[in-house]
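Can you look at this prediction? I've put the sequence above it.
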Amino acid sequence: MTDETEHHLREALQHLEAAREGDLRKTHDVALEQVSNTVGSVLQEYTEDQ
């Protein structure tokens, strides 16, 4: 796993944690979109590394 991939995964976890703790600045849909985008980036990096 590259450092960049790890960074993206940590961001995804932070978004999920913020949504779970009820961060009222983000709606559920926005948090899910951010996680989806981050996971998409990680998968793209993984594919490119192969």
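Perfect, I can see it now.

Point out where the chain drops to low pLDDT.
Along the chain, segments meeting pLDDT under 70 span 1, 23-27.

Tell me which stretches of it form helices.
3-20, 28-49 (DSSP state H).

Contacts only, for residue 3.
Under the criterion of C-beta atoms under 8 Å, 6 or more residues apart in numbering, residue 3 has no neighbours. C-beta here means a position set from N, CA and C on the backbone, and glycine is covered the same way.

what about residue 15, neighbour count?
Residue 15 has 21 neighbours, counted by other C-beta atoms under 10 Å.

With residue 19 instead?
For residue 19, using other C-beta under 10 Å, the count is 18.

In space, what's closest to it - neighbours in sequence excluded?
Nearest non-adjacent residue to residue 19, counting by C-beta to C-beta, 6 or more residues apart in numbering: residue 31, 3.6 Å away.

And residue 12, by the same measure?
residue 38 (4.1 Å).

how much space between the spatially most central residue of the chain and residue 4?
Using C-alpha atoms, centre = their mean, the residue of the chain that lies closest to the mean C-alpha position is residue 12, 2.4 Å off. Applying C-beta to C-beta, to the nearest Å, the value for residue 12 to residue 4 is 13 Å.

now residue 31
The gap separating residue 31 from residue 4 is 22 Å, by C-beta to C-beta.

what about these two, which has more around it?
residue 31 (17 against 12).

if I read this right, the more buried one contacts residue 21, doesn't it?
No - using C-beta atoms under 8 Å, residue 31 is not in contact with residue 21; the gap is 10.6 Å.

Tell me how far residue 17 lies from residue 7.
Distance, residue 17 to residue 7, using C-beta to C-beta: 16 Å.
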